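Chemist: sequence and computational prediction follow.
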Amino acid sequence: MTDVISAEAAPQPQGALRRLLQCKLALIGLALIVVVTAGAIFAPWIAPFAPEDQMFDGLTLEGAPMPPGDKFWLGTDLLGRDLFSRILFGARTSLVIGVVANGLALLIGTLIGVTAGYFRGWIGAVLMRFTDLMMAFPALLLAICLAAIFTPSLWIVAMVIALVNWVQTARVVYTETSALAEREFVAAERTLGAGTARILFRHILPHLVPMIIVWGTLGISTTVLLEATLSYLGVGVQPPTPSWGNIIFENQTYFQAAPWLVFIPGAAILALALAFNLVGDALRDVLDPTQRGRD
Amino acid sequence: MSATAELRSGAMTAPDAPPRPVLSVEGLTISVRAEGRERALVHDLSFTLAPGETIAIAGESGSGKSLTSLAIMGLLPPPALRVSAGAIRLDGEDLTRLPEGRMRAIRGNRIAMIFQEPMTSLNPVLSIGRQLSEAIRAHAPVSRAAARRRALEALQAVRISEPERRLDQFPHELSGGMRQRVMIAMALALRPDVLIADEPTTALDVTVQREVLDLLRDLQREMGTAIILITHDMGVVAEMAERVIVMKQGQVVETGPVAQIFDTPQQPYTRDLLAAVPRMGDGSGAPAPAAETDPVARLRDLCVRFDIRGGLLSRVTHRVHAVEGVSFDIRAGETFSLVGESGCGKSTIAKALTGLVPHQGSIEVAGHRLGGLSPREMKALRRDVQIVFQDPMAALDPRMRVGDLVGEPLLIHGIGTPETRRARVATLFERVGLDRDQLDRYPHEFSGGQRQRICIARALALQPKLIIADESVSALDVSVQARVLDLLAALKREFGIAYLFISHDMAVVENISDRVAVMFMGQMVEMGTRAQIFGNPQHPYTRRLMAAVPVPDPGFERPPLPRLAGEVPSPVHPLGEAPRRQILRDIGGGHLVAGADTEGR
């Protein structure tokens, strides 16, 4: 029944990019990502103040942070630094963490998950037991150990986060891959003489893409916050370099007196995660041929 | 005067005055709302059902027969599907207007339903007894113990072996046939007025189907339940129904008593449907090619065993002897069929032939021995053997365009340039009866029959010597099935391909095969030409299989089928124990029979 309907209604094939651009929500997400990226790149020119400048007029006479106003658009923090400038510069850190560290974690997780799920046998057993071990081990403790061994810098922190965060991805990808490997079309490919590489890259990975996209967008906020935790514990990005996470952590004790100090960086993290989520969702639909012509 | 006459005729249920119907469907229209407009999926369907009567709704997929049954049960999935016109009256009460609470009291109690797939309609985490007594207690205010007693009676009524033990077993511990019996027991435990059976035997083996149909008929006679039988199988219709409604795309094509539908069908669609049904004969027909050609595949003493691990150290404790000592040749250009019921090892042979499972014994394909080949040699060998699976949707990668799928074997084996490959794919597409404009579509945009044609085109791409058709037409509608079988036969003549045709359907096998082998529990019990097997079946199992096939002729008198005593044997054996080997003897003309007992006819 459905076959007949969809066969009639199927639109002409279009470019995936064109279909992506037809989706309003995806455009909103893309716009947000562009804004954040531009803000991060052009921070030195946009920012009204240097992010680590503690300004005398940045505090009230009682020594409390300034609320958002004319001079300090988003207010100041406890040390009298301009919040807007810190958010702009913090976007650099958070983008690197959310995109690079998270992307690297996805890559490691997918590689391990696919290898274990497709080949199984002793390779699969070893890889998955290792994954379970990593899962059982407190991620934070591991991150602290790793960060303590290497001198903390942005890129080291990104590596550390990637090395801690790949586990969940590996687990999910493993389950999905082992289910896919049992599917009949994979057996059909084998009888055609398809080699392992062809089956993995042409017939298994495309099916994993939607799931990886979902995990990727979820991972953005997780990794940004993990960076904040590390910063808070002194093994992350070193102060006074701002990151969205450490702005929250530095100021959280004054949440009631100066809520904007927590709320604004929090909103920034949320907006970034949401933007990636919107684009990811649309991308997943656009890339799935069975979704074509069903809107 | 007339009132007394009516009363009397009612009491005596005279055939000329039909009794008051228990269920009547009047102008039923079911619509789906999609893209803002309503489309009728079932159009103005009307029928009445008398107590104790069996009415069959027959039709192919998309005919609306299952929607009708869901509408009667009040189970149409909201909000997209709804009854947009007409009424369903149970003893005069319109079910389409009842609130859900009242409907729930009727469902299971007065109208019950059995589904096609007994595994998925039983809850896997509850014991059989628990599920049965819960169904009873949902409608009758009885104690747990009383419900359990009634559950036991229900199981006894469906003639299940060891009913007491079954009460405490779980669905996965029962065979498919036993599960369907449990479903029937559950449906009939409360003695409903109407039983809707939606393809009740489609998922079952043919001998089990026979037993379940017999059981349904016996229970109906005892309880006087009216049955609405939804099926695509005209053989089942002929055996079970008194009246038939033939549906096509939501419209009623023809209704009438079963004899009239089968003997003098009025509508062309009914005639086509009946003509497409494969029928069993005596194995005569076009003679098999007598020319002894070189075999394209030669199997000798093939064994496939799977280990079952158990115990603390997960050592091998048991083995499944899926295929045990099977030998046969497939000659060039012939159709060799393997028939047998599920679990007999026929598909495992296909997997061994394509190298998907490890095997013992020897398999030679086109003169090369399988096993111990380098990946490069194995890849070369794959050009000669291709396989077409049962479910084309599962066998095609849903994320690839069909043109790429059909061209993939050429790409894998590095044949041609992109342009020549594209041209070859288009030619193949046209050869199997598809349009070359459809190359850029995805598998889900095609119908089941078209998808199977795509699979056949892909199998043909490398010009193999042997195509394995593993239940390739079983999932298709009869009319589509007939056309796909015609296509396979035409391709065989055109390209000289040999087929290994694997099927459980004796009628299809008889229509397509040159030679036939019957399998049981991983071993071959009989092998011969089509005429030998179907004209002169020797092994009791072969005869049993043939006797169980439903015959699309309502006048056919079925000889009683002896019931198998005891449990179905299992192919699982403890380590070190092997099943007893069947010894095949030639009883003349290459007709091989296991434990051949030429006198025991």
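Modeler: Cool, the structure landed.
Chemist: would you mind naming what in the stretch 151-295 of chain A lies close to chain B?
Modeler: Counting by CB under 8 Å from any CB of the partner chain, the stretch 151-295 of chain A comes close to chain B at A:183-185, A:187-195, A:198, A:202-203, A:206-207, A:288-290, A:292. Quick note: C-beta positions are derived from backbone N, CA and C, even for glycine.
Chemist: just those: which are in strands?
Modeler: In strands, judged by DSSP state E, none of those are found.
Chemist: please spell out the ChimeraX selection for the buried subset of those residues.
Modeler: For the buried members of those, the matching ChimeraX selection, counting by 16 or more other CB atoms under 10 Å in any protein chain shown, is:
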select /A:183,185,187,188,189,190,191,192,193,194,198,202,203,206,207,288,289,292
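Chemist: measure the nearest residue to residue B:293 once chain neighbours are set aside to chain A for me?
Modeler: Distances taken as CB to CB, 6 or more residues apart in numbering or on different chains put residue B:332 closest to residue B:293, at 4.4 Å, once the chain neighbours are dropped. Look at residue B:332 and chain A: by CB to the nearest CB, to the nearest Å, they are 20 Å apart.
Chemist: can you check residue B:127 too?
Modeler: For residue B:127, the distance to chain A - CB to the nearest CB - is 28 Å.
Chemist: cool, residue B:587 as well?
Modeler: Counting by CB to the nearest CB, the gap from residue B:587 to chain A is 36 Å.
Chemist: pretty sure the residue nearest to residue B:293 sits against residue B:496.
Modeler: Yes. With contact defined as CB atoms under 8 Å, residue B:332 reaches residue B:496; the gap is 6.5 Å.
Chemist: now the helices: where do they sit in the stretch 1-150 of chain A?
Modeler: Ranges of helices within the stretch 1-150 of chain A are A:2-9, A:16-21, A:24-41, A:43-46, A:83-95, A:102-119, A:121-136, A:139-149, based on DSSP state H, counting those that start in this stretch.
Chemist: what helices or strands is the fourth one leaning on?
Modeler: If you count contacts as 3 or more CB pairs under 8 Å, 6 or more residues apart in numbering or on different chains; DSSP states H and E, helix A:43-46 packs onto helix A:83-95.
Chemist: could you find the closest non-adjacent residue to residue B:79?
Modeler: Distances taken as CB to CB, 6+ apart place residue B:33 nearest to residue B:79, at 7.6 Å, with adjacent residues excluded.
Chemist: ok, that neighbour - contacts?
Modeler: Residues in contact with residue B:33 (CB atoms under 8 Å, 6 or more residues apart in numbering or on different chains) are B:39, B:79, B:80, B:82.
Chemist: taking those residues, please make a ChimeraX selection of just the buried ones.
Modeler: In ChimeraX syntax, the buried subset of those is picked out as below (16+ other CB under 10 Å):
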select /B:82
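Chemist: from the contacts of residue B:33, which two are the most distant?
Modeler: The distance between the two most remote of the contacts of residue B:33 (CB to CB) is 14.7 Å, for B:39 and B:79.
Chemist: follow-up on the earlier one: for the residue nearest to residue B:293, which residues are in contact?
Modeler: Residue B:332 makes contact with B:293, B:294, B:295, B:296, B:465, B:496, B:498 under the criterion CB under 8 Å, 6+ apart.
Chemist: run a quick neighbour tally on the second one.
Modeler: In other words, residue B:294. Residues lying near residue B:294 (other CB atoms under 10 Å in any protein chain shown) number 10.
Chemist: do you know the pLDDT at the closest residue to it other than its chain neighbours?
Modeler: Distance criterion CB to CB, 6+ apart; nearest residue to residue B:294, sequence neighbours excluded, is residue B:332 at 6.2 Å. pLDDT for residue B:332: 87.
Chemist: what's near enough to touch residue B:541?
Modeler: So residue B:541 contacts B:518, B:520, B:525, B:526 (CB under 8 Å, 6+ apart).
Chemist: next, give phi and psi for the second one.
Modeler: Meaning residue B:520. When quoted as degrees, to the nearest 10, the phi and psi of residue B:520 stand at phi -150, psi 130.
Chemist: now do the third one
Modeler: Dihedral angles phi and psi of residue B:525 (degrees, to the nearest 10) take the values phi -110, psi -20.
Chemist: ok, it - how many residues close by?
Modeler: Residues lying near residue B:525 (other CB under 10 Å) number 23.
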